[in-house]
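K.L.:
Next comes the sequence, and after it the predicted model I'd like to discuss.
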Amino acid sequence: MKYYKALLLLLVLTLFLNACNTKNQKSNNADFPVVKDRYFGQKPPSLIPELFAPDILSPEGSLEQVTFSHDMKSCYFTRTNGTYNKRTFFVINYENNRWGQEAETDIKWPQFSADGSKMFMGKLYRERKGNTWTEPKSPGAFLKHMAHGLSVSAKGTYYFTAYHEPGPIGAIYYTRLVNGNYEEPIKLNDDINRGAYIAGSLISPDESYLIWNVEREGGYGQSDLYISFKKNDGTWSKTMNMGPTINTDMQESSPQISPDGNYFFFTRGEWKLNKDGKRTYIGKQYWVDVKIIQNLKSKEN
């Protein structure tokens, strides 16, 4: 009898915890714009990448990168050509239950922590204080050679590309936060750091996978997107090209996961020569269901 009572108590406790977890998830989701407005009213994609809001973000094909804030109420993006003679940064805010007009901003290439408490901007970061952000701070000298993007896991671990010498050869490093201080950066294995112009490292919040773009022999064109999954023993799986559904003969770069965890974003474009002989990047934003990453996981070596 005591056994059955204990079993019943355990069952009730489990249901209670699940209900609390569901409630918390719904509370977090309530912070986002309603689903029909969350992505500028765009129809969600399937497992085939589709252009994301081209009429809004890249009418001239001049897009570099798109990032949503943690609460998905601000969309930051960059344009580089057409009307703009130099790289220009923009933001569109969701206010009064609708998306507003684009406006130029001095916030450049922001990334946001998993809990929304920090904004990472290149080699600096800012902390949220109420409805405002602190002045930019440096996390430390370990980012001295950082270039071409970074991402930070939920535990605060930085993953970034560093170029110690001029040229096409860089490498992805990581550094962990231990007792309030960051360790010396550790270079990831040679299988990950193979190829030229490594950039755009994206670490998942739980550090279960890493996505980056790089030019490699045997790829589909210019830079391709690659992925590696972290194994149970902490090592990384053999790197995998994300395949022809994602990669083309153009340049795929700037991987991002939407804050709600539902979609994988990336930029597809190419470099072209202007009339004045200068090279210009012509790109557009694409998105696809995040299940494409789960499908690649099933093919892991």
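P.N.:
Alright, I've got the coordinates.
K.L.:
alpha carbons only for contacts and neighbour counts from here, please
P.N.:
Noted.
K.L.:
name the element the residue positioned nearest the centre of the chain belongs to?
P.N.:
For the chain, the residue sitting closest to the mean C-alpha position, by C-alpha atoms, centre = their mean, is Q256 at 2.6 Å. Element membership of Q256, judged by DSSP states H and E, is strand 251-257.
K.L.:
That strand - contacts with which helices or strands?
P.N.:
strand 196-203, strand 209-215, strand 224-229, strand 263-273 (3 or more C-alpha pairs under 8 Å, 6 or more residues apart in numbering; DSSP states H and E).
K.L.:
residues contacting the residue nearest to the centre of the chain?
P.N.:
T67, L202, F264, F265, F266 (C-alpha atoms under 8 Å, 6 or more residues apart in numbering).
K.L.:
6 Å instead?
P.N.:
Q256 is in contact with F264, F265, counting by C-alpha atoms under 6 Å, 6 or more residues apart in numbering.
K.L.:
Low-confidence ranges, the stretch 51-200 of the chain, go.
P.N.:
The model of the stretch 51-200 of the chain has pLDDT under 70 over residues 61, 81-85.
K.L.:
Bridge partners for K187, pull those for me.
P.N.:
K187 has the following beta-bridge partners by DSSP bridges: Y173.
K.L.:
hmm, back to that, run the chain-centre distance for the strand holding Q256.
P.N.:
Between the centre of strand 251-257 and the centre of its chain there are 8 Å (C-alpha atoms, centre = their mean, to the nearest Å).
K.L.:
that older thread, tell me which of the helices and strands packed on strand 251-257 lies nearest to K137.
P.N.:
Nearest of the helices and strands packed on strand 251-257 to K137, taken as C-alpha to C-alpha: strand 196-203 at 21.6 Å.
K.L.:
Show me what the closest one is in contact with.
P.N.:
The contact list for strand 196-203 (C-alpha under 6 Å, 6+ apart) reads 148-151, 161, 168-170, 210-215, 254.
K.L.:
among those residues, which ones are buried?
P.N.:
148-151, 161, 170, 210-215, 254 (16 or more other C-alpha atoms under 10 Å).
K.L.:
Could I get the full set of helices for the stretch 101-250 of the chain?
P.N.:
With DSSP state H, counting those that start in this stretch as the definition, the stretch 101-250 of the chain shows no helices.
K.L.:
quick one on the thing from earlier: Provide the strand pairings for the strand holding Q256, with the direction of each partner.
P.N.:
Strand 251-257 is paired, per DSSP bridges, with strand 263-273 (antiparallel).
K.L.:
got the angle for the strand it pairs with vs strand 196-203?
P.N.:
160 degrees (axes from the mean of the first three to the mean of the last three C-alpha atoms, to 10 degrees).
K.L.:
Figure out how far strand 263-273 is from the centre of its chain.
P.N.:
Chain-centre distance of strand 263-273: 14 Å, with C-alpha atoms, centre = their mean.
K.L.:
So which elements touch whichever helix or strand comes after that strand?
P.N.:
With elements assigned by DSSP H and E, the helix or strand that comes after strand 263-273 is strand 279-289. Counting contacts by 3 or more C-alpha pairs under 6 Å, 6 or more residues apart in numbering; DSSP states H and E, strand 279-289 is packed against strand 50-51, strand 263-273.
K.L.:
Packed most tightly, which of those would that be?
P.N.:
Of all the helices and strands packed on strand 279-289, strand 263-273 carries the top mean neighbour count, a mean of 19, counting by mean count of other C-alpha atoms under 10 Å.
K.L.:
on that earlier part again, out of the helices and strands packed on strand 251-257, the one nearest Y94 is which?
P.N.:
That would be strand 263-273 among the helices and strands packed on strand 251-257, by C-alpha to C-alpha, at 19.2 Å.
K.L.:
so who does L63 touch?
P.N.:
T78, R79, G283, K284 are the contacts of L63 under C-alpha under 6 Å, 6+ apart.
K.L.:
what's the distance between the first one and T267?
P.N.:
Between T78 and T267 the computed distance is 11 Å (C-alpha to C-alpha, to the nearest Å).
K.L.:
Would you single out the least confident of the helices and strands packed on strand 279-289?
P.N.:
Of all the helices and strands packed on strand 279-289, the minimum mean pLDDT falls on strand 263-273 (a mean of 89).
K.L.:
What about I198, how many residues nearby?
P.N.:
30 (other C-alpha atoms under 10 Å).
K.L.:
which residue packs closest to it, ignoring adjacent ones?
P.N.:
Closest residue in space to I198, ignoring its immediate chain neighbours: V214 at 4.5 Å, by C-alpha to C-alpha, 6 or more residues apart in numbering.
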